[in-house]
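Visitor: Need a 3D model of the sequence below.
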Amino acid sequence: MDPRPAPLGFSLAFVEGRAVLSASSCELTPWVTLSRLELEVPRVRFPFDVTGGAVRFQRRRTRLRGAALRISPTAASQALAARPRLQQLGVLAVWIAAKDDRVELCGEAKLGERPVPFSARLEVGGAGARLDLLAVDVRTYGFLPLPAPLLPLAIAAACGARPRPTSGEPDDDDPGPIVRGCDELRFDPLRSLVAPLLVRGGWRIYDHAGVALDHLRATTGQIELSWRAGAMEQETHAAFAAREQLRRLVPTGEVALADGDIGRALTEYRAAYGRSPEHPLVGQRLVQLLAGSQGTLLEGGEMARELLERAGDSTVLLS
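Guide: Sure thing, here's the model as predicted:
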């Protein structure tokens, strides 16, 4: 039996004077369902002959008008847990939790004597149809001999995400998934999951220009992502802006951390903190690096207290 989803079937309708092809709901993977796909057929003249239905436009270059994906957190968690490389990388369990439009990545890792729970909040951003996931508030609830930001990187690698290109920046035309730094994942789920179905069914790939992420809704049983033509590009979330600022402040340190060169990353961040001890982002990352080794754990605790006193609240250490 072919495990791939069946080719998409379309119906033809006229919406606001435009010819629109609408696909029926389709399960793309056991954990992702295409709930809406609307393609506009350009340059249609009226009066219009409907003979032949939607199939007559298979060879026409359409425009993406809107799309929506539904993700099952439970099924996605099962798919993550089935990744064999997770155990090899020390991740014993991982699952996705969704509630009140928030998405979290949780699990347990074991790189020492006992399992250590961890959690991270996933911020969603992107440009056009591309989706960016940024792991923030990465926390371990016990000592783990690894800087906490490397846990999302390990999970992404186990799921087949590729590291950034040697130029340092992912190609926006690459559907991914590609890891940027150690805690950001870039991919285009529509091109990765939907476009192959169009090709299999003999349809031309649509033009996605002018389409942007419209909203994300997350509840206990479902995560919905929606794209719409004409949607305003969402403002850059503060977490993405902060991470971009950190990459500019300590570029070699972030590259070293993503490469797993903890010694070099620690050297770079010690130097950066010496130059800018007042900068909270540099201090946060340095604490995370120090907390990943028994030899520097006490130093990390002292620095954390110093940063907390300076900031006046606990949020300084959560990104």
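
Visitor: tell me the strands in the stretch 1-150 of the chain, going along the chain?
Guide: 10-15, 18-23, 26-29, 32-41, 63-71, 91-99, 102-109, 116-125, 131-140 (DSSP state E, counting those that start in this stretch).

Visitor: Just give me the residue closest to the centre of this structure.
Guide: By Cα atoms, centre = their mean, the chain has its centre lying nearest to Leu133, at 2.5 Å.

Visitor: how about the nearest residue to it, chain neighbours excluded?
Guide: Leu185 (4.5 Å; Cβ to Cβ, 6 or more residues apart in numbering). Any C-beta I mention is one placed from the backbone N, CA and C, and that applies to glycine too.

Visitor: got it, and Ile96?
Guide: Pro73 (4.5 Å).

Visitor: burial count for Leu28?
Guide: Counted by other Cβ atoms under 10 Å, the residues lying close to Leu28 total 20.

Visitor: okay but it is in contact with Val194, surely?
Guide: Yes. With contact defined as Cβ atoms under 8 Å, Leu28 counts as touching Val194 (7.1 Å).

Visitor: List the contacts of the residue nearest to Ile96.
Guide: Residues in contact with Pro73 (Cβ atoms under 8 Å, 6 or more residues apart in numbering) are 95-98, 103, 220-223.

Visitor: before we move on, the earlier item: which residues sit against whatever helix or strand the residue nearest to Leu133 lives in?
Guide: Using DSSP states H and E, Leu185 sits in strand 184-187. For strand 184-187, contacts defined as Cβ under 8 Å, 6+ apart pick out 126, 130-135, 152, 156, 161, 170, 175-180, 240, 243.

Visitor: helix or strand right after that strand?
Guide: Criterion used, DSSP H and E; the element after strand 184-187 is helix 189.

Visitor: how much space is there between the residue nearest to the centre of the chain and Arg217?
Guide: Using Cβ to Cβ, to the nearest Å, we find Leu133 at a distance of 16 Å from Arg217.

Visitor: cool, Phe10 as well?
Guide: Counting by Cβ to Cβ - Phe10 and Arg217 are separated by 25 Å.

Visitor: quick one: which of those two has more around it?
Guide: Phe10 (23 against 14).

Visitor: bridging residues for the more buried one?
Guide: As for beta bridges, Phe10 partners with Ala23 under DSSP bridges.

Visitor: Report pLDDT for the nearest residue to Asp183 once chain neighbours are set aside.
Guide: Once flanking residues are discounted, Asp183 sits nearest to Ala135: 4.3 Å by Cβ to Cβ, 6+ apart. Model confidence at Ala135, given as pLDDT, is 94.

Visitor: Same check on the one 10 residues further on?
Guide: In this model, Pro145 is scored at 93, pLDDT.

Visitor: what's the spacing between it and Arg114?
Guide: 12 Å.

Visitor: helices or strands up against the lowest-mean-pLDDT helix or strand in the chain?
Guide: In the chain, no helix or strand scores lower on mean pLDDT, DSSP states H and E than strand 10-15, which sits at a mean of 86. Counting contacts by 3 or more Cβ pairs under 8 Å, 6 or more residues apart in numbering; DSSP states H and E, strand 10-15 packs against strand 18-23.
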